[in-house]
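>>> one predicted model, sequence on top.
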Amino acid sequence: SRTFIEHFNDIVFTVTPDSEIRYIGPNTERHMGYTPNDLLCAQFTPLVHPDDIPACFEHMLSVLQGEGSRELECRVLHKNGQYRWFATTGARLPPDANGEVLLLGCTRDITERKQMQESLRASEEMFRIVTDTIDDIICVSTADRQISYVSPSWSRLTGFPAADDATPDLSLHSHPEDLPKLEAMRERNLQGEQTSIEWRCRHRDGRYIWLETRAKPVWDTTGKVSRIVDCSRDITDRKQAEEEFRRFATEIEQSRNQIAQQADELRQANELAQQASLAKSAFLANMSHEIRTPMTAILGYANLLLTETSWVHNPTDRNDALLAIHRNGEHLLTIINDILDLSKIESGRMELETVACNIRQLVKDVVASLQIRANEKGLHLATDFGSNVPETVGTDPTRVRQILINLIGNAIKFSDQGTVTVIVAA
């Protein structure tokens, strides 16, 4: 048994009830830096951390009283001056031949384990501090939807208490329209995917808040997803801002469309104004030509009556001249009335009328009004009526007169000699 003890990794020792070391294994040096001879017959209490001595004596007393062996964790001074953690179990040995009672102890170095525990405790404490401080909701759930942890921010954001029995699966707080998204997210998490969604969570007061939830799966040692860690952030303000922006963008788009429509209407109005201006200019140019023709006829016949004695004393010539002056005066009055009709100028069109008129007489009157102009250029002005031309037709005599004056006037204007013949056929 001594050989087994000497090769045992733990330190085996015996002590008296008053803490004197009677035996200690050789691996003491490996774990504590002391050789067995350094510790034999010495008190072990100077090696124990002062804060742990009461626990050591309490443990020894319980062993002496036969209350069973329990593990004691205490700090023991290493030879290098540092304390290391040891876990010790003990038992009471039967009295020896001299009636002396010894305590058997077995201790192992657990410094690394304690350091890991302390590191884990510090990490958990830091995790608690962080999760208690941040506004995001941290929720840890198992694969079967059991909540194992939820941060206090759950209560701050939703109004529900943070107790485990008051924080069921997050999907139970979801807006009905967003529930399919949450279920799909969880299925993807169980398949090992990380996810991120935006959804509406019901507040305790009945309203809904927007949350952005990022979920990450956690695997166990077998490679299966055992837990899901959710981190949810309140994005209600952002969502409201986005909605305001969309509404503002819609209003801008509507305003832009209205401005574009108004610009198109202005463009069309401008085009109409230009067309009206062109029509007005064309109308005035045409009227100036039409005014000149009857005025020329009136002045020409008036000049003949004033200068040609034969016209004055010949009743027929005098009557023809006066009739020509009268006809051209009436035509001139009609033209002036058209000029004064501003609605015709602005709209760019002339209203036509249909009345019964003598087409032969109309042509003769126009030819007679242009005769003087033809004479001035040494041209012969003649008419040729077809046999099938009726005496009376339904038309607008004023417009026909204007057309004939323009046609015959241009023929005289661009002819230098010969005859200008007006042919009327049906």
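All right, it came through fine.
>>> and the strand or helix carrying residue 201, what other elements does it pack with?
Assessed by DSSP states H and E, residue 201 sits inside strand 195-202. If contacts are counted by 3 or more CB pairs under 8 Å, 6 or more residues apart in numbering; DSSP states H and E, strand 195-202 sits against helix 179-190, strand 208-219. (C-beta placed from N, C-alpha, C; glycine too.)
>>> can you say which of those is nearest to residue 44?
strand 208-219 (44.9 Å; CB to CB).
>>> note down every partner strand of that closest one and its orientation.
Strand 208-219 sits in its sheet next to strand 195-202 (antiparallel), strand 225-234 (antiparallel), going by DSSP bridges.
>>> which of the ones you listed sits closest to residue 24?
Per CB to CB, nearest to residue 24 of the strands paired with strand 208-219: strand 225-234, 44.9 Å.
>>> list the buried ones in that closest one?
225, 227-234 (16 or more other CB atoms under 10 Å).
>>> one more: stretch 267-276?
Result for stretch 267-276 [16+ other CB under 10 Å]: no buried residues.
>>> check stretch 58-67 too.
Buried, per 16+ other CB under 10 Å, within stretch 58-67: 59-60, 62-63.
>>> out of the buried residues of strand 225-234, which comes closest to residue 178?
residue 232 (12.7 Å).
>>> give me the pLDDT for that closest one.
Looking at residue 232, its pLDDT is 91.
>>> quick one, what contacts it?
136-137, 139, 170, 201, 211-214 (CB atoms under 8 Å, 6 or more residues apart in numbering).
>>> go with 10 Å
135-139, 151, 153-154, 157-158, 170, 197, 199, 201, 209, 211-215 (CB atoms under 10 Å, 6 or more residues apart in numbering).
>>> any idea how far residue 371 is from it?
103 Å (CB to CB, to the nearest Å).
>>> what do you get for residue 223?
Distance from residue 223 to residue 371, by CB to CB: 118 Å.
>>> these two: which is more packed in?
residue 371 (18 against 8; other CB atoms under 10 Å).
>>> that one sits in which helix or strand?
Short version: residue 371 belongs to helix 359-376, going by DSSP H and E.
>>> likewise for residue 238?
Element membership for residue 238 (DSSP H and E) is helix 236-307.
>>> pull the residues that contact stretch 124-131.
136-138, 149-153, 231.
>>> also stretch 54-71?
Applying CB under 10 Å, 6+ apart, the set of residues contacting stretch 54-71 is 15-19, 44-45, 48-49, 52, 72-74, 76, 87-92, 101, 103-108, 110.
>>> out of those, which are buried?
15, 19, 44, 48, 52, 72, 74, 76, 87-90, 92, 103-108, 110.
>>> ok so, going back, just the contacts of stretch 124-131 now: which is nearest residue 177?
Distances from residue 177 to the contacts of stretch 124-131, taken by CB to CB, are shortest for residue 137, at 20.7 Å.
>>> that closest one against residue 151, yeah?
Yes. The pair residue 137 / residue 151 is scored as a contact, 5.8 Å apart, by CB atoms under 10 Å.
>>> many thanks, I have nothing further to ask.
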